[in-house]
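Enquirer: Pasting the sequence and the predicted model now:
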Amino acid sequence: MTKRVGFLGVPMDLGGGRRGVDMGPSAIRIAGLRAKIQELGHEFEDLGNVPVLRSDTKEPKDQKAKYLDSIANCCRRLKGRVERLVEEGGFPLVVGGDHSIACGTVAGISNVYARKKKKIGLIWFDAHADMNTPETSPTGNVHGMPLASILGYGPDALTKLGERFPMVEPDKAVLIGARDVDPGERALAKECGITVYSMRELDILGMDRVMKEALSIVTRGTAGFHLSFDMDGLDPYEAPGVGTPVTGGVTQREGHLLLEHAAESGKLLGLEFTEINPILDERNRTAQMAVALVLSGLGKRIV
């Protein structure tokens, strides 16, 4: 099925403690995203970058949620852009930037379906749980909080971006690939009831079974699901240019299988890639891999 893919870059690095992921949208454009999506038969429109305006001074005002105001303002702008794109029949492809941008992406998609009295599901692929709150975060970095915020836990500036609260219900969300989880995140995951497939479950069950089970969760009683793909979910040997690498991750082939299952479900509402850091990369290798993974998510098959 031909899609009208609308690309939105979000060059934001305020959510993490390491600079560089703001160049992710440029890196993926340089890697040939437009031409390769068009070769697949889809329409492609580059809608430019969402402005990122830092309202804080050099030092963040709140050490428990650093640069929260600036991040929330960017997410509000992103939410509006995604919302308009979906309402016009476009398929949102959002590229960051750090993972805090997902609050804006999910809010935009959730809003459109909330008006239709429908819910959405969420697959979150990440080495980290991203389920800290300002009270539990050991760093105060907001890129460790977006999944919690989307599920309704955390600062109002993020949790209440959408018209529906929470944007996604925990029993319609799945976390895949986790292997670096803080104590507070572990407790919240158990409390709220989100399904988590850590690297242990992936090792035991395999990506094929994990994705079949995940899809049954995120499509049950929903209009479809959004897939937020943090490139650090892959093993850093395969994707070195990421913001917060963690060894022992998913292989490139497993990543493709995840996205192939998502595409074949026919229920994918939006696609997002985050944490590409060209400063730490090897000749744009990670962005090139992200482009290949995007194509799998848009229906490319081996044969």
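Expert: Nice, thanks for sending it over. Please read all numbers here as calculations on a predicted model, not as lab measurements.
Enquirer: Strands along the stretch 201-303 of the chain, start to end?
Expert: Ranges of strands within the stretch 201-303 of the chain are 225-230, 268-274, based on DSSP state E, counting those that start in this stretch.
Enquirer: Using TSV, lay out those together with mean pLDDT, distance to Arg115 and mean neighbour count.
Expert: Yep, even glycine has a C-beta here, placed from its N, CA and C like the rest. Converted to TSV, the strands of the stretch 201-303 of the chain look like this (pLDDT from 0 to 100; distance: least, Cβ to Cβ, whole Å; neighbours: other Cβ atoms under 10 Å):
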stretch	mean pLDDT	distance to Arg115	mean neighbour count
strand 225-230	98	16	27
strand 268-274	98	14	26
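Enquirer: Let me see the mean pLDDT of stretch 243-251.
Expert: Here stretch 243-251 scores 96 as its mean pLDDT.
Enquirer: what about stretch 4-23, start to end distance?
Expert: Stretch 4-23 has an end-to-end distance of 25 Å (Cα to Cα, to the nearest Å).
Enquirer: May I see the buried residues of that stretch?
Expert: 5-16, 18, 20-23 (16 or more other Cβ atoms under 10 Å).
Enquirer: all helices for the stretch 151-300 of the chain, in order.
Expert: 156-159, 183-192, 199-205, 207-218, 252-264, 285-297 (DSSP state H, counting those that start in this stretch).
Enquirer: just those helices: most buried one?
Expert: For those, the largest average neighbour count (mean count of other Cβ atoms under 10 Å) is found in helix 285-297, namely a mean of 22.
Enquirer: how big is the angle separating the helix or strand hosting Arg76 from strand 268-274?
Expert: Per DSSP states H and E: Arg76 is located in helix 68-87. Interaxial angle, helix 68-87 versus strand 268-274 (axes from the mean of the first three to the mean of the last three Cα atoms, to 10 degrees): 150 degrees.
Enquirer: and helix 68-87, what's its mean pLDDT?
Expert: Here the average pLDDT along helix 68-87 is 97.
Enquirer: next SSE after that helix?
Expert: strand 91-96.
Enquirer: Name the strands paired with that following strand and say parallel or antiparallel.
Expert: Strand pairing for strand 91-96, determined by DSSP bridges: strand 4-10 (parallel), strand 268-274 (parallel).
Enquirer: could I get it in CSV with only the CA atoms?
Expert: C-alpha atoms of strand 91-96 as CSV (Å, rounded to 0.1, in the frame of the first residue of the first chain):
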residue,chain,number,x,y,z
PHE,A,91,2.1,8.9,7.5
PRO,A,92,4.4,10.6,10.1
LEU,A,93,8.1,9.7,10.0
VAL,A,94,9.8,11.6,12.8
VAL,A,95,13.5,11.6,13.3
GLY,A,96,15.3,13.1,16.3
